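Asker: Give the three-dimensional model of this entry:
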Amino acid sequence: MAEHDRHLVVADIARYAHELADSYRTQTPAYSKTRGGRIKLTGVHSTEHDGLLVQLADVAAYGVTSSDDVHGARPVPQSRPPGQWEAVARLAAISTDAARWCWNLELAWRATVQGNVRQLAAAAAEPRIVPTEVAEGLAGAMRGWHVRAQAAIGWVTAPYQPRASCPVLTCGQRDTLRVDLARRAAYCTACQSIWDDVDGSIGVLAKHIGAQAESRVGQSERVRSGHAGRGGAWSSSDQPNG
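Answerer: Next comes the predicted model:
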């Protein structure tokens, strides 16, 4: 890998680590319609969010994220049960993975998962600590943590759960896909594979889900017309990188 490419990988690691471990700000444009029917930009709404790992911890503990709260206060109990086991599992998996990366790189463990993530990002900038090939693997791991945390949080929209099986041949389990429609990212709760726009794999997953939906429709139509048969099965040589 060229030196320039390594810089890009390290930059990706730093970006993922920042959003995972540190608070960040998003900018949302606001529009209005003029009397002539034209759309006009009226301003930009700036919102500060806790790091994704803090938001994930809030979902795990309370069932909602801190973005729903009054600043400095915890959520008021609601009718839904507190906490979400899926978010608990995601947070535990990310914490374990980050600690394993620190162990393998002979880095001291920090008191929090955020501390471990920040330490890994800092170490990635040093080739003598994190060789180039290892940095690529770390970037992939952080990308996975980032996607899974975002999809589990659902602070923009609740994750879409399609009626489809995981397209990874070694998995294939049903009802395990979680898709964040707003961010065009998804993951499987069973095998931990991820799909997003970074490598275009979200498009492969969308075709897979669509094919299974069409198969169910076709099977339903055959049943209604009195013709029994087996629904079409998804088959593709272009497997996503999970």
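Asker: Just confirm residue 43 is within a strand.
Answerer: Yes - secondary structure of residue 43 (DSSP: H, G, I helix; E, B strand; the rest coil): part of a strand.
Asker: so how far is the longest helix anywhere in the chain from its chain's centroid?
Answerer: As assigned by DSSP state H, the longest helix anywhere in the chain is helix 201-224. With CA atoms, centre = their mean, to the nearest Å as the basis, helix 201-224 stands 23 Å off its chain's centre.
Asker: just stretch 191-198 next, same as before
Answerer: Taking the mean of its C-alpha atoms, stretch 191-198 sits 8 Å from the chain's own mean (CA atoms, centre = their mean).
Asker: buried ones in it?
Answerer: For stretch 191-198, the buried set under the neighbour-count rule, 16 or more other CB atoms under 10 Å, comprises 192, 193, 194, 195, 196, 198. Just so you know, the C-beta spots here come from the backbone N, C-alpha and C atoms, and that holds for glycine as well.
Asker: Stretch 42-57 too?
Answerer: 49, 50, 51, 52, 53, 54, 55, 56, 57.
Asker: Likewise for stretch 121-135?
Answerer: Across stretch 121-135, burial judged by 16+ other CB under 10 Å covers 121, 123, 124, 130, 134, 135.
Asker: quick one: average pLDDT of that stretch?
Answerer: The predicted model gives stretch 121-135 an average pLDDT of 93.
Asker: that older thread, could you check the longest helix of the chain and say which residues are buried?
Answerer: Those would be 201, 202, 204, 205, 208, 209, 211, 212, 215, 219, for helix 201-224 by 16+ other CB under 10 Å.
Asker: Same list, those, but as CSV with pLDDT and distance to residue 115 please.
Answerer: Shown next, in CSV, are these (pLDDT from 0 to 100; distance: CB to CB, whole Å):
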residue, pLDDT, distance to residue 115
201, 88, 30
202, 89, 31
204, 91, 35
205, 91, 33
208, 92, 38
209, 90, 37
211, 89, 43
212, 88, 42
215, 80, 47
219, 66, 51
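Asker: ok, back up a step: so which of the buried residues of stretch 42-57 would you say is closest to residue 177?
Answerer: Set against residue 177, the nearest of those by CB to CB is residue 56 (18.6 Å).
Asker: Contacts only, for that closest one.
Answerer: 87, 90, 91, 94, 149, 152, 153 (CB atoms under 8 Å, 6 or more residues apart in numbering).
Asker: looking at it, residue 189 is touching residue 178, isn't it?
Answerer: Yes - contact criterion CB atoms under 8 Å: residue 189 and residue 178 qualify, at 6.3 Å.
Asker: Now for the buried residues of helix 201-224: which two are most distant?
Answerer: Across the buried residues of helix 201-224, no pair lies farther apart than 201 and 219, at 27.1 Å, counting by CB to CB.
Asker: what's the worst-scoring helix or strand of the chain on mean pLDDT packed up against?
Answerer: Across the helices and strands of the chain, mean confidence by mean pLDDT, DSSP states H and E is lowest for strand 24-33: a mean of 74. Under the contact definition 3 or more CB pairs under 8 Å, 6 or more residues apart in numbering; DSSP states H and E, strand 24-33 sits against strand 39-49.
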